[in-house]
Structure formats: C-alpha cells, structure tokens
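Visitor: give me coordinates for this.
(one chain, ligands or ions: 2)
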Amino acid sequence: MRKEDIDYTLYLVTDSSPAILGDRDLNHVVEEALEAGVGIVQFREKKGDTRELIEKARALHQITKKHNVPLLINDRVDVALAVGCEGIHIGQDDMDLATARRLLGEDAIIGVTVSNVEQAIEACQGGADYLGIGTVYATPTKTNTKDIIGTAGVRNILDHIADAGYTTRSVCIGGINASNVQRVLFQSNGIRKGLDGVAVVSAVVGAANPKAAALHLLSLLKRPPPFSSDLQRKSQALSETEALKPDLLPLIGPVIRAVHETTPLSHNMTNLVVQNFAANVALAIGASPIMSNYGEEAADLSKLGGALVINMGTVNPDGLANYMKALKAYNEAGRPVVFDPVGAGATTIRREAVKTIMAAGYLDVIKGNEGEIKTVFGDNKEQQRGVDSSSTLSASDKASLVRRLAHREKCVVVMTGKTDYVSDGIFTWAIDNGTPRLGEVTGTGCSLGTTISAAIASRQADRVTAVIAAMLHFEIAAELADERPDVSGPGTFIPAFLDELSRIRMDTASGNLSCVCDIQEKFGPAIFEFDKVISTTRKLLLSATHLRIPIFVTTQNRARLGDTVSELQPLLAQAGDLVRADLDKTRFSMWLPAIASHPHFSSSSSGGAGADATTSQPPQSSEVAIVGIESHICVTQTALDLLNAGHSVYVIADGVSSTRKEEVGIALARLRQAGAVVTTSESWLYELMGDAAIPEFKAIVNVVKETAKETGAALQGLLGSKI
Ligand SMILES: Cc1ncc(COP(=O)(O)OP(=O)(O)O)c(N)n1
Ligand SMILES: Cc1nc(C(=O)O)sc1CCOP(=O)(O)O
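Guide: Ligands and ions are numbered 1, 2, ... in the order given. Here you go, the predicted model:
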C-alpha cells in the first residue's frame, strides 16, 4: 500500500492489559475492527519478552495483511524489523526519528508522538509520516502522559505546521470515544489544516462488541457533528482577510420574529432565585420556558427543538452531574447549548466545574463577564469576588480575548459589561446598549442567557446573528423601560422591562409598518386636495399609535420645502418611539439605506440572507401602508422599491395625491399592476384588526367615528380622480 493511500480516519492502537482487553482475544478484536473499516493498526504492548512480542505481532500482521491495512509497532524498531511489518510509532523518549528511519528505510511508515508545536515542527522536518498529537484528554489507558493539551492544543499544532508549510498526516489521541469524537474533530481542526483521523485504544479494544464500536465511531467520524452548522463551517473555510464582515442589522428583526413565530423551548438549568424572572423573560420574548435542573429529563427535552441554558450559579456535585447529562443529550440531539459560567473564577470548585463542563461537551455560546471569560480562557490570575463584574482589560484586549476564545472553542463568545463584546472567532462586535438599571435587579444576566437560547434555537444556522439579535432585543427593551416616566427604581423597572420586551416582539412580529411620504408645508398650495391627504394621515397615525405600528417618515429637501406639516406634528410626538425614522432625503424614494437596513425590514429580496438554512424558513416580509405625496413620483418609487425588496405594499388611496389630479389615477393603476394593493384607510384598518375581539378594537372604532366626516370628504375629493 502506498503511504498516501493510508486511511487514518480510525487508527486502532492495541492494549492487552486485562483492564482493557478483559478476556477477549486480541487477534479477534483486531480482526473485527478491521472488518468495520479501521485503516491502520498499531501493536502496543508494554509488557512481555521480545520473542513473545514478535510472535504476537507476527500473528497480527497476518490479519492486517489480509485487510491490506498497515501494522505498526509501538516503540520497538527491532520487533518491527523482525516481523517485517509496515512501520513503527515512536514517542519523544524513544529512539530518535533519524536513526529509526536509517534502520527501517524510506518505505517504512514512521509516526511520532507530539504534544507541542516545537516537537511537531521537528517531526515534520525530520520526515515523520504522521503525527500522533496528544494527550487530548486524560485517560486511564495511559497514566504517564505529560501534557493534556485539549482540542485547543491540537488545533494550535495543526495551525502551526500548516503555516510552516507541512502537510504531514495527523491523528490525535487520548480519551477519545463515541461521546466526544465528533466534537474533538470539530474543535481540533485548524483553519488551514484538519486532522486525518483519531487514534483510540479503549473505545474499541475495551468495547463489548469491538466491531460495532468501530463501526459506530467511523459513522460518527464521517458525518458532520449535529452542532456544526453550514454557516459555521463556511466561516471556518474563510481566512480572516478573505471574509467579508456581514451586515447583521437587517437580520435582527427576522430573528425576533422567528422566536415569536416558532415559540422555541428554552430549557433552563439555573438557580431558584432567578427561575421565576427568567421564565417571565422567556414568555415576554415569545419563547416557551421550562426550568428543569434534573439531567435525566434532558434526553426528552432536547428532542423538542429548543435550546439549553446551563447557568452555573449555584454549582454543586449533583448539579454538575445533571449539567453533564443535559449537555450530552443536547449535543446528541444537535440542539444548541448556552453556557453561563457564573462566578467562574470565584472558587477552586467553580474553576474545576468550568473545566469539567467544557471537557464534557460542545457549547454553542459561552456568555460571561470579564472575569468569567478570562477564567474560561484559562487566563485569570485574579481571584474573582463572587459574581462581580469588575474590569481590568482595555476595550481592544476584551475584543481580542472573546475572539480568541471563540476561535479556540469554535463557538460564539459573549463578554458582558458596559460595552458587550460578541465574537464568532472571526469577527467581533461591540454592543453599547443596555442600562445600569439592569445591574440593580437580580437575574438579568441569567435571563439574557435565556433570551439568547430562544434566539439561537430559532436561528441555529446563524448563531452569531441570533446572539446579537437577542442581546439587542434585551438591552433596548431595558433602555426603553428605564426611560419610561412610570419607572422610578428597580421595583418599577422589572414590570416595565417585561412589557418592553414583549412590546418590541409584538411590534417586530406584526410585520405591519406605515410610511408617511413627504407631507410638507411648502407643498400645501400646489397639491390636489392636500388637506384630505393630511386628514387621512392623521387618522392613520392615531390608529398606528393604538395598534403600535411602527412609522417611518420622510421629507424631501426639508431645508427648502419645510418640515412635515404642523397638523401632523402633535400626532408624531404622541406616537413617540413608534416613529422609527424621520429622515430628510433628496432621493425620491423613501427606500433610503437607513430605512432598508432597519430591523423592521428584513432582507427578503436578497434571496434569503435572513432565512435559516437549517429550517428553510421563507424570507420575512412586512406589510407596509403608504400615504403622502406625490403619488406619481415619491409614493410610486417608494412602493416599487418596497415591492422589489419583497414586501407587501398597501397604497392608501384616500391618503395620496399629486399636483395634477390626473397623475394620481395613473400612478395607482401602475402600482396595482406592479403588485401593490390599492385600498382605503378604513379598509386597511379593519384588515389590520382582523377581529372585533382584539383589545384595541374600541379605540380604533372611536378614531373611525371621530374622523368619519373627514374620511367622507377625502373619499369624495380624492377617489373620484383615482379609481
Ligand atoms: C498514534 C499514537 N500516538 C501517540 C502514541 C503515544 O506514543 P508514545 O509517546 O511512544 O507513548 P507510548 O504509547 O509508548 O506509551 C501512540 N502510541 N500512538
Ligand atoms: C497510547 C496513548 N498515547 C497517548 C498520548 O497522549 O501520547 S494517550 C494514549 C492512550 C489512549 O488510550 P484511549 O484511547 O483508551 O484513551
């Protein structure tokens, strides 16, 4: 067999010690593993006379030759020469590579154990055929290992040898089994070089059914892990300089809407103090909370399409065992896990708990304050006081730390603080939202984890967008609550915050928006039935305020043509933060970049940038009502741009006009043909409500009644020319 054809995917290393082999026959075990598809075998025997070793190795060689699979001998060049097998594996304390090569010749396969970059470069330089990189995890099979390097250590070695220009085949070894093999491979692979496979001893030799065990390992090795998403893999394929920084803002609204529409399960393993608040936050954002700290339940819960939050707030041995069970269940189900290492650096117990959890499974998001993230990174020399959030790092150091941790763990890392930092290991974002008030009530940090879990459950294929959307939803709601006149302290803040979380969701989810186009003072004398346009717009603004429909306003060249007419100003003031934009423009269309990229407008025209690749959700679109002037210029161009971007457009016929009345009918006919709905203000309002049982019905009917005379006049004055 040519060296380049060797299949390293599953590399079997033997061990005849009773603790591993038990009463099984080694030849039989190896035969079964070969039948399953093991591509290379190493005879590793720490006890026995040379003659005995040679005999055993010869017997094994007969078996491996039948399967056309190379047999290597661990440490012993003499045994390999005596048997005439394909090669050897040597460690750092064994015969040096150059001597082994001289004795065995160029055709022999020689593998070298490496546990750091220097050893790896030296082995590659010296002509090793492959590297055995380890020890990944501590293992009872080999207790005299020197360095436990984890997947981060493997990845570092792979990246460095790739940078040095080597393509030497590589496997990793130490504590690898079916429960972690996919994660080991996923997290070990460097950007420029991946592993060729994994080497195992006990996972096959110690298995009751070695063939089934090897088949299972191979099937896991050959398919992507359930927690890796297309997007994640895509971003790993990009080098940092090649990657284009994605514009996330247009994707935020669709995430909030996706949570509302899919009601994902947010499974929280958290402490009693915050359970109630976190559950209320989950409900406010549209998720379905379950507070269960019992690990056994996770196997069932993980199959319900949600996400898990592990909040280490009150860690104890039972809790830790439960976290591990739940983590395993969610990893196996391919559902996301958010890890909140509360107080990670406060005690030795917590530092150890972090290590145990990190080694036990794959975490999609790690969220913590500066001290916690430093501890998770393994770089916290300071003693954390409780769950304190004091800061010693500069902004750029914080950004660098979250990026390095996210890169190392192949996940999304969030460092909370006055400014939050979020990274997917390639890009890093700073978020300056939120209010100090969040720090005055208990459970806000934990419930941010809950919010993130719901978002990521709904948008697993785009984890970083989901995380940022959740953070913006949470922090902007807090800001809005804090600004409310009825909020005077932490007690009044909590209900207001829950209300604002819910309100943002409802506003975003409704998908109904209104556009007020260029209704300006200077147009007054020139526009046909201008007063009717104003009265219909008043009616719409009043109704939009009751129904909490976001409003977008523009003016054309405000300096020359004046502001939006004074009759509408009190209504815009009353609408308050529902006026999402009030922009001046020179372009005729209202579809300005600031409006097109607003979270309320998804990127539906871009072929699904806002869609979830895993769930194939259709792109999101909004239903937009337009009033204003002039119907054949700015209104027409706005409507066409909105249609083009995939939104539904309602042109309110009793709320649009032009200088010459003849233009109006032609413009509306054209827009109808282009796909817009041409309708009346009253028809649109009743369509919006849908049901007389909605709480806002009475208020809207009052508006309709109060404006009945103006509506009649507007219909008479304007529609005669249009329909
Ligand atoms: C594939 C593979 N990688 C590493 C080792 C460890 O070899 P070594 O460092 O020589 O330690 P011992 O196996 O001799 O205990 C290996 N055997 N195989
Ligand atoms: C043979 C060996 N070498 C190691 C190294 O780190 O170099 S760890 C190891 C034993 C691996 O056994 P298991 O798959 O049962 O954990």
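
Visitor: helix, strand, or coil at the residue of the stretch 401-550 of the chain found nearest ligand 1?
Guide: Residue of the stretch 401-550 of the chain nearest ligand 1, by C-beta to the nearest ligand atom: R408 (22.4 Å). (Glycine included, C-beta is placed from N, CA and C.) Each residue gets one of three states, and R408 gets helix by DSSP: H, G, I helix; E, B strand; the rest coil.

Visitor: swap in the one 10 residues further on?
Guide: For K418, the secondary structure call by three-state DSSP comes out as coil.

Visitor: which parts of this structure sit against ligand 2?
Guide: Proximity of the chain to ligand 2 (C-beta under 6 Å from any ligand atom) is limited to residues 13, 113, 134-135, 139, 141-142, 145, 173-176, 200-203.

Visitor: in which helix or strand would I find R403?
Guide: When elements are defined using DSSP states H and E, R403 is found to belong to helix 395-409.

Visitor: give me the pLDDT value at the residue lying closest to R24 once chain neighbours are set aside.
Guide: Nearest-residue entry for R24: P210, 7.5 Å, with adjacent residues in sequence omitted and distances by C-beta to C-beta, 6 or more residues apart in numbering. Here, the pLDDT recorded for P210 equals 97.

Visitor: contact partners for P210?
Guide: Contact partners of P210, counting by C-beta atoms under 8 Å, 6 or more residues apart in numbering, are 24, 29, 32-33, 36, 204.

Visitor: can you list the low-confidence ranges for the stretch 351-500 of the chain?
Guide: Low-confidence regions of the stretch 351-500 of the chain, defined by pLDDT under 70, span residues 379-390.

Visitor: farthest-apart pair in the residues of the chain next to ligand 2, please.
Guide: T113 and A203 (18.5 Å; C-beta to C-beta).

Visitor: of the two, which one has the most company?
Guide: Counting neighbours by other C-beta atoms under 10 Å for T113 and for A203 shows that A203 has the greater number, 25 against 22.

Visitor: which non-adjacent residue is nearest the more buried one?
Guide: Nearest non-adjacent residue to A203, counting by C-beta to C-beta, 6+ apart: N177, 4.1 Å away.

Visitor: residues contacting E475?
Guide: For E475, the residues meeting the contact criterion (C-beta under 8 Å, 6+ apart) are 420, 431, 433-435, 438.

Visitor: so how do I select the buried members of these in ChimeraX?
Guide: For anyone working in ChimeraX, the buried entries among the contacts of E475, judged by 16 or more other C-beta atoms under 10 Å, can be selected with:
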select :420,431,434,435,438
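
Visitor: the residue nearest in space to the middle of the chain - nearest residue in space that isn't next to it in sequence?
Guide: When C-alpha atoms, centre = their mean is applied to the chain, the residue found nearest the centroid is R463 (1.2 Å). The shortest distance from R463 to any residue that is not its chain neighbour, by C-beta to C-beta, 6+ apart, is 5.1 Å, and that residue is V412.

Visitor: dump the residue contacts of that neighbour.
Guide: With C-beta under 8 Å, 6+ apart as the criterion, the residues that contact V412 are 364-366, 406, 422-424, 463-464, 467.

Visitor: re earlier: the contacts of P210 in helices, which ones?
Guide: The helices, defined by DSSP state H, take in 29, 32-33, 36, 204 from the contacts of P210.

Visitor: which of those sit farthest apart?
Guide: Greatest spacing in the ones in helices among the contacts of P210, by C-beta to C-beta: V29 and A36 (10.9 Å).

Visitor: more neighbours: which of these two?
Guide: A direct count of neighbours by other C-beta under 10 Å for V29 and A36 places V29 higher, at 25 against 21.

Visitor: check contacts around that one.
Guide: V29 makes contact with 14, 21, 204-205, 210, according to C-beta under 8 Å, 6+ apart.

Visitor: pLDDT averaged over the one helix or strand Q673 maps to - what is it?
Guide: Applying DSSP H and E as the criterion places Q673 in helix 661-674. The average of the pLDDT scores along helix 661-674 is 94.

Visitor: show me what that helix is packed against.
Guide: Contacting helix 661-674 under the criterion 3 or more C-beta pairs under 8 Å, 6 or more residues apart in numbering; DSSP states H and E are the following elements: helix 636-644, strand 648-657, strand 677-679.

Visitor: next SSE downstream of the worst-scoring helix or strand of the chain on mean pLDDT?
Guide: The least trusted helix or strand in the chain, going by mean pLDDT, DSSP states H and E, turns out to be helix 230-237, with a mean of 44. Moving toward the C-terminus from helix 230-237, the first helix or strand encountered (DSSP H and E) is helix 249-262.

Visitor: export that following helix as PDB, just CAs?
Guide: Only the C-alpha atoms of helix 249-262 are listed here, as PDB (Å, rounded to 0.1, in the frame of the first residue of the first chain):
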ATOM      1  CA  LEU A 249     -28.700  44.800  11.300                       C
ATOM      2  CA  PRO A 250     -31.200  43.800   8.600                       C
ATOM      3  CA  LEU A 251     -31.200  40.300  10.100                       C
ATOM      4  CA  ILE A 252     -32.100  41.300  13.600                       C
ATOM      5  CA  GLY A 253     -35.800  41.800  13.200                       C
ATOM      6  CA  PRO A 254     -36.300  38.500  11.500                       C
ATOM      7  CA  VAL A 255     -34.700  36.700  14.500                       C
ATOM      8  CA  ILE A 256     -37.000  38.400  16.900                       C
ATOM      9  CA  ARG A 257     -39.900  37.500  14.600                       C
ATOM     10  CA  ALA A 258     -38.700  33.900  14.300                       C
ATOM     11  CA  VAL A 259     -38.800  33.500  18.100                       C
ATOM     12  CA  HIS A 260     -42.300  34.900  18.100                       C
ATOM     13  CA  GLU A 261     -43.400  32.500  15.400                       C
ATOM     14  CA  THR A 262     -41.700  29.300  16.500                       C
END
